[in-house]
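**Q** One predicted model, sequence on top.
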Amino acid sequence: MKCVKGKRWTWGARFETPELCCQARPPWSDLPACVTDSKGDFTDKFYIDMSSDIYKCAQNCDIASGLPCMGSPPEWYMQRFDTVEDCCNKRDWLDADRCIVNTFHASGEWYVDLTLNERNGQCVMDCAVGGQSCGGLKEQSTVGYATSRECCAYLSSVEPGDCSL
């Protein structure tokens, strides 16, 4: 839950401070996290990152700090954990070891994203956020290339100018 001064919530109430607003939150939500998010601060806690098909956790800290910092959770009700291990071990469907590696790692390798360039593919960089060439974190099973030129050699049917972002 993120409270903004003067913003009307679905139940119609308005609050003057984040603390008062967050006290009216559903009982299963995290009061300190609500207040922190509402003030635009960070908790440094971890949450399950559901933004891609890469199983990983993200840390509630400034994105400019690099991985694993991904800012505040996109939804106020997301559970937060003190450690990445607690976060990665929370769900049965998460491979905890792979989750921890994904949380802290982006190889910087180039890989082919076949969803781009009218499904002909383009080479993008393995990275979590930012940059024109960033394609997000690549799947563990996806082949990585050291340079965009090596990646583009794989896409021989794509014009060189259309090969990479």
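**A** The structure has been received and is ready for your questions.

**Q** mind listing the helices for this structure?
**A** 18-23, 31-38, 84-88, 96-104, 148-154 (DSSP state H).

**Q** worst average pLDDT in the ones you listed?
**A** When the helices of the chain are compared by mean pLDDT, helix 96-104 comes last with a mean of 77.

**Q** how about that helix: buried residues?
**A** Buried residues in helix 96-104, counted by 16 or more other C-beta atoms under 10 Å: 96, 99-100, 102-103. C-beta coordinates here come from the backbone N, C-alpha and C atoms, glycine included.

**Q** List the contacts of it.
**A** Contact with helix 96-104 is made by 46, 49, 54-59, 67-68, 84-85, 87-89, 137, 140, as judged by C-beta atoms under 8 Å, 6 or more residues apart in numbering.

**Q** about what we covered before: with respect to residue 119, which of the helices of the chain lies nearest?
**A** Evaluated with C-beta to C-beta, the helices of the chain place helix 148-154 nearest to residue 119, the distance being 15.5 Å.

**Q** now for the closest one, which elements pack on it?
**A** Secondary-structure packing of helix 148-154 (3 or more C-beta pairs under 8 Å, 6 or more residues apart in numbering; DSSP states H and E): strand 110-113, strand 122-125.

**Q** which of those strands is buried the deepest?
**A** strand 122-125 (a mean of 23; mean count of other C-beta atoms under 10 Å).

**Q** Which neighbouring elements make contact with it?
**A** strand 110-113, helix 148-154.
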